[in-house]
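*Asks:* 3D, please:
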Amino acid sequence: MSVAIHILLQAALILRVLLRPYRDPASRIAWIVVILGLPILGIVGYILLGETNIGRRRIARLHGVLAALPDPARPPGATEPAEGALPPRLLPLFRVATSISGYAPLGGNAAALMADSDAAVDALVADIAHAERHVHVLFYIWLPDRNGARVAAALCEAAARGIACRAMVDDVGSRRLVRSQHWAAMEKAGVRLARALPVGNPFLRALIGRVDLRNHRKVAVVDGRIAYCGSQNCADPEFLIKARYAPWVDIMLRVEGPVAWQCQHLFASDWMTYGGDDIASLLREKLPPSAGTIPAVVVASGPTVRHSAMPEMFQSLMYGARRELVVTTPYYVPDDSMQAALCAAAYRGVATTVVFPARNDNPAVAAASRSYYAELLDAGVRIFEFRPGLLHAKTVCVDGEAALIGSANMDRRSFDLNYENNLLLADATTTRAIRHRQDAWIAQSREVLREEVAAWPWPRRLWNNAAAVLGPVL
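*Replies:* Numbers count the residues shown, from 1 in each chain. Below is the predicted model of the structure:
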């Protein structure tokens, strides 16, 4: 009897795998293999991790918040979208960005690339110290280390002088901060606090929504006119929770101008969804004045945004390249379409370069990434592995004209499970600065050659390919 029940349960789950909409065929196959190959663990694994669902109540609350906020495509006081200021060749890329989260490109922005992680925290702390009205910060990982403590102290000081400070963290990624004295000190100082995607009891949470969906965003907004966007968490580059891979090498842009309104809108949607006070009125104020000439747009994705949003953005950039494409990402587990887009860029004569970390904090992801090396190298893509630490920066530069920078990796978690924030901009000067940073990383990297990959022993190739097969599950 128990065997029959088990077989019926397997059959029911396999049927559900086959009927779920928007699932990659490779993901369907992988889950079927897991359910059949691991009779008990496979069933439990699918029930806990097999479907992307944050829970009906959370979805309803998010939709209610978004309905209460101003239209993301029509910020108050905005002139026409900056499409007219974009080169015609780049216009389709920005239209893809707008289709993902509703934000239209806005002109009049200025951008400064931070020198390194410590410099980014220095600048953020200084901006908080000079804030006149409010400060909003959201980090996936905020550690109670030197830099984490500095930002917490800056918020406490700002709150003490009457600035409205709001800080939000991911419930899992920043659990060490939440349990630390710094979280309690911020609360005591009057900083309003919130945790995104709280887990609570993981077994009960699993009954109403997937437990490993995370808010992976890193964004800070000061007075609605200054914003920070990039790959950097609020932590020291030594990243003590994974110190053996340190330093973590990140990238962060400080932007001023109307695009800060979009960052504010994104923060408000998360803040109000997870119990924060209503700050919609801040978004009804006129846009901050122009600070420069750069057209830019926020690209926000997540499990409640349309399926395959971030892969489409990455692929559009890859197909849009005509002369040069340079990509850095710590985690590369693409779907078939993205791998094909990257290869296609090289095949059509685009100078295509990708940079990965030589040592990855996730061995399974590292193995899966390397399973794609042979095909990339055959297409003419140059592959470099960064050696001094873990290259955590997520960047795409296209033809020296446009750049994408933010929190999204090129892996299945960023495609399907994580809430991400990115910034797409069209500016030769800023793109050149990011390219120079990429060149500095390449100079500290080792190039991976076809002969080396061809000589990998079969156990290593077996491990890499097995990890790639399980990529849709992982």
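*Asks:* Can you name the residues that contact the residue nearest to S174 when sequence neighbours are not counted?
*Replies:* Residue nearest to S174 in three dimensions, not counting chain neighbours: W142, with 4.4 Å by Cβ to Cβ, 6 or more residues apart in numbering. Any C-beta I mention is one placed from the backbone N, CA and C, and that applies to glycine too. By Cβ atoms under 8 Å, 6 or more residues apart in numbering, the contact list for W142 reads G148, V151, V169, G173, S174, L177, N233, C234, A235.
*Asks:* If we only consider those, which is nearest to M318?
*Replies:* When those are compared for distance to M318, the smallest value, 26.6 Å, is given by N233; criterion: Cβ to Cβ.
*Asks:* So the closest one sits against L143, correct?
*Replies:* Yes: using Cβ atoms under 8 Å, N233 is in contact with L143, at 7.4 Å.
*Asks:* Where does the prediction get shaky in the stretch 201-350 of the chain?
*Replies:* For the stretch 201-350 of the chain, residues meeting the criterion pLDDT under 70 lie at 203, 206-207.
*Asks:* Just the helices from it, written as ranges.
*Replies:* For the stretch 201-350 of the chain, applying DSSP state H, counting those that start in this stretch gives helices covering 202-208, 259-273, 309-320, 336-347.
*Asks:* Out of those, which is the most enclosed?
*Replies:* Each of the helices of the stretch 201-350 of the chain was scored by mean neighbour count; the highest is helix 259-273, a mean of 26, by mean count of other Cβ atoms under 10 Å.
*Asks:* Can you give the domain ranges for this structure?
*Replies:* Described in terms of automatic domain parsing, the domain architecture of the chain consists of the residue ranges 2-49, 58-83+108-292, 309-469.
*Asks:* can you tell me which residues contact the closest residue to T329 other than its chain neighbours?
*Replies:* Counting by Cβ to Cβ, 6+ apart, the nearest residue to T329 once its immediate chain neighbours are dropped is M410, at 4.6 Å. With Cβ under 8 Å, 6+ apart as the criterion, the residues that contact M410 are F314, V327, T329, Y331, Y332, V333, P334, M338, K394.
*Asks:* Tell me, how many residues neighbour the third one?
*Replies:* Neighbouring residues of T329 were enumerated by other Cβ atoms under 10 Å; the total is 25.
*Asks:* Test my guess that it contacts N409.
*Replies:* Yes: between T329 and N409 there is a contact at 5.5 Å, judged by Cβ under 8 Å.
*Asks:* Find the residues that touch each one of those two.
*Replies:* With Cβ under 8 Å, 6+ apart, T329 and N409 have common neighbours K394.
*Asks:* tally of neighbours for G45?
*Replies:* The tally of other residues near G45 (other Cβ under 10 Å) stands at 15.
*Asks:* Surely it is in a helix?
*Replies:* Yes: assigned with DSSP: H, G, I helix; E, B strand; the rest coil, G45 falls within a helix.
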